[in-house]
Every structure is written in structure tokens, then in C-alpha cells.
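**Student:** would you be able to build a 3D model of this:
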Amino acid sequence: MAESVMPQKVRVGSETGSLLLEYFLKALLVAGLCELILYRLVSRLGMHLSKVAKEYVDVDYFLRGASAIGFVLLNFSAILVFLVLLVLLFYKMNGLLARPLDRIVVPMVSLLLALTAAFLLFPPRMIGSVVYNGLTVVLLWTLVIQYCRANPAPTARALALCYGAGVSSWLYYQISTTTYGWLGIVSTPPLVHEISRLGEALMVVATVLVFAVYSGFTFRTKNRQQRRRSLQFAGTWAALFLALLVMDGVLELFDPVLARDVRQASQGIGWIFQMGMGYTFYLPFALYVAGLLFWSYTVIKQISMGRRAGYGLVLMFIAGYALQLSHLTMFVIVGLLLIVNDGRIDARESVGQLFPVRMPDRPAAAPGVS
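**Tutor:** Next up, the predicted model:
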């Protein structure tokens, strides 16, 4: 007798939602990094090297071409981040990435998307900018609270709080100065410059805490080869940090002219990053380099593992400190959503419950066949 086979549900091999999120995030990562380099940094470098560009035609063509490509990528990344937010909202509304406080997060993200789309058609006035930034602050801290509830480790909570306070410092600067301008008040808002500088320092601290939370870097291992690599890695970073920290003073003792040239070069680099990302580099340059190294190592490791947190950390920090464009604000929100809802990002995720498929029953065996 042939055995009867009960109909069963299986997962679709290529889940539509997961594929969209995977491909959109990878495209957004490439477009965002290229836009940062080609538009926000290289175009500012062109302003810094305007005299050189006038003398050398090739340099001028390169800077113009890079800026043009970067501007196209800026628009492309703005579209992609909008689509990524829509996919994440789709996930949450279907319960796939459900977290506490989603009843607040989902409507606020939807409202932020609606305002962004509306402001593309109707440029906002000062009051519109204040409302937009105020909504961003509330959503930002809701996501920070959501992250802290999901990650009780002290270093993880310190990371979220430092990053949230850092971005909020810039948003306070934007909201306060815009409000004063709207009301016609000539005086400077209270503590606006001090809070802005504190926010930049907190962003640098956050890049170091990223390493402590997500790198998995530890000396507590019995594997001698891994321990030796960890020591070499830490020693190289410490040597580079100390070299950058004391370079200016040492060069001043041996060659004051060279020290002045290096100082001017660092000021030029700081000016480019200030125009492109909002960092003023008022802290020792070595601290920024250390934060960049910590962040880069962690991001590369997380992305190679296929974790959402890796993509989230990239978007959070390439947005920079000064969120002067709306798509950079979206970068921050998407990045926080990804680290709050961390997990593997690939088409094999268990999201097929949205698309159950019934397998056809096996045909009954022919008579006489057992």
C-alpha cells in the first residue's frame, strides 16, 4: 500500500522581501561611499585646489568629472535609502522584525518619509525645517531606547547614548538657529557652539565604542595564533596613534618649516571634512584617525559576516556629523533600524512565512504497486 502523504507548507526559495533588502542595502552601501568620496569630499577638495586646477587641465577635468558622478550618486543613494526604509517598514508591519516600541517607530518613520517626499515637491520654510528636525530627534531617541532595551550590555548602551547625543547636538544647533531666524531674534541661541562641539566629541567616542561592541576583538583566547595577531594588531594601532599624537611636537623640534607644512596640510584635510561631513577637527587629529581605524575594522568584519549591523554602522557614520541633506538624516534612521534589528542579511533568512506555498499531494501509487 502506498503511504499517504499529508500536504505541507514550505518556504519559498527566494523570498522577495529579503532579496530586496539585501540588494538595496548592498547598492546603497556602494552608492553612499562613492557619493561621500566623489561629491562631499572630492568636490570640496576641488574648491581647495582651485589654483592647481586652473594650471593643470587634467586636474580640472578630474575634479569636475568626479563631482558630476558624485552628484548623480547622491540622487541615486537618496532614492535607495527611501526604498530601504519602505522595505523595513514592510517587514515591521508584517511582524518579521517586531520589536518593542514599534507602535511608535512605524508611524514616525512613515511620517518622516511623507514629509521628505512632500518637501521634495514643496521646499520647506523655516517652520518646516524645525518640524522635520524635531520629528527626527524624537524618532532618533525612540530608536536609541529600543536599542538599549534589546542590548543590556553597558558598552552597547553607551554606544547608543553617545551616538544619539552626538546627532542630537547637531539637530539642536539646526533647530535653535532656525527658530531664532524664524522669530527674527538676532542673538545666538544658548550654548549652541558648546553643544555642537560636545556632539562632535561624542561622535568620535562612538566610533571607538563601535569597536568595543561589535568587533569581537579579545585577548581572552587560548588560541596562541589568534592572541599573537591580536597583540600585533593592538601594537600597530597604538604605535600609529602615538606617532600621530606626538608628530607635531617632534617635527617642531627638528624642522619647524616641515612642521608648519604638515600643520597646514592637516588644516586643509580638516577643512575638507568639515565641509563634507561637518567635523571641525578641533580635537587632536590622532583621535579621529583612531576612531576611523576602529570603525573600519568593525564594519569590514560585520559586513563580511553578513550582519545587518555592519550595514547600519556604515550608514550611521558616513552620514557624518552635519546632516545638511535630508538623505543623510535617512542614513541615520536606516542605520539605527538595522542595528536595532540586527541579524543575517541574505535571501536564506526565515522570512518565507509571508509566502507559504502548498506542495501538491503525491499521486497515489498504481494498483498492485506497494
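**Student:** gap between the top helix by length along the chain and the chain center?
**Tutor:** Ranked by number of residues, the top helix in the chain under DSSP state H is helix 57-93. Computed by CA atoms, centre = their mean, to the nearest Å, the chain-centroid distance of helix 57-93 equals 14 Å.
**Student:** identify each buried residue in that helix, please.
**Tutor:** Neighbour counts over helix 57-93 (16 or more other CB atoms under 10 Å) mark 60, 63, 66-67, 70, 73-74, 76-78, 80-82, 84-85, 87-92 as buried. Using the backbone N, CA and C atoms, a C-beta is placed for each residue, glycine as well.
**Student:** now do stretch 277-297
**Tutor:** Applying 16+ other CB under 10 Å to stretch 277-297 flags 277-279, 281, 285-291, 293-295, 297 as buried.
**Student:** what's the closest of those to Ser215?
**Tutor:** Tyr297 (6.1 Å; CB to CB).
**Student:** which helix or strand contains the closest one?
**Tutor:** Per DSSP states H and E: Tyr297 is located in helix 285-304.
**Student:** C-terminal to that helix, what's the next element?
**Tutor:** Next in line after helix 285-304, if elements are assigned by DSSP H and E, sits helix 308-318.
**Student:** run through the helices of this structure in chain order.
**Tutor:** For the chain, applying DSSP H gives helices covering 16-35, 42-48, 50-55, 57-93, 102-121, 126-150, 154-183, 192-214, 224-254, 256-277, 285-304, 308-318, 326-340.
**Student:** thought Val109 was touching Phe90?
**Tutor:** No: contact criterion CB atoms under 8 Å: Val109 and Phe90 do not qualify, at 11.4 Å.
**Student:** before we move on, the earlier item: adding mean pLDDT, write the helices of the chain out as TSV.
**Tutor:** Output for these, formatted as TSV (pLDDT from 0 to 100):
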stretch	mean pLDDT
helix 16-35	82
helix 42-48	68
helix 50-55	65
helix 57-93	86
helix 102-121	90
helix 126-150	92
helix 154-183	92
helix 192-214	91
helix 224-254	68
helix 256-277	64
helix 285-304	85
helix 308-318	91
helix 326-340	92
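**Student:** burial count for Phe317?
**Tutor:** 23 (other CB atoms under 10 Å).
**Student:** grab the nearest non-local neighbour of it.
**Tutor:** Nearest residue to Phe317, sequence neighbours excluded (CB to CB, 6 or more residues apart in numbering): Trp295, at 6.0 Å.
**Student:** residues in contact with the one you found?
**Tutor:** Neighbouring residues of Trp295 by CB atoms under 8 Å, 6 or more residues apart in numbering: 207, 210-211, 313, 317.
**Student:** hmm, which two among those are most spread apart?
**Tutor:** Checking the contacts of Trp295 with CB to CB, the most distant pair is Phe211 and Phe317, at 12.1 Å.
**Student:** can you list the domain ranges for the protein.
**Tutor:** Domains of the chain are assigned by automatic domain parsing as 10-217+291-353, 218-290.
**Student:** most packed of these?
**Tutor:** Highest mean neighbour count of these: domain 10-217+291-353, a mean of 18 (counted as mean count of other CB atoms under 10 Å).
**Student:** from Val192, how far out is Ile303?
**Tutor:** Distance of Ile303 to Val192, computed by CB to CB, to the nearest Å: 36 Å.
**Student:** let me redo that: Tyr214
**Tutor:** The gap separating Tyr214 from Val192 is 33 Å, by CB to CB.
**Student:** what does Leu202 give?
**Tutor:** According to CB to CB, Leu202 and Val192 sit 16 Å apart.
**Student:** same deal with Leu120?
**Tutor:** Counting by CB to CB - Leu120 and Val192 are separated by 28 Å.
**Student:** please apply the same query to Ile127.
**Tutor:** Separation of Ile127 from Val192 (CB to CB): 19 Å.
**Student:** pretty sure Leu83 sits against Ala27.
**Tutor:** No: with contacts counted by CB under 8 Å, Leu83 stays clear of Ala27, the gap being 9.3 Å.
**Student:** joint contacts of those two?
**Tutor:** Counting by CB under 8 Å, 6+ apart, nothing touches both Leu83 and Ala27.
**Student:** from Lys301, how far out is the closest residue to Tyr311 other than its chain neighbours?
**Tutor:** Nearest in space to Tyr311, with sequence neighbours left out and distances taken as CB to CB, 6+ apart, is Leu25 at 4.9 Å. Relative to Lys301, Leu25 is positioned 17 Å away (CB to CB).
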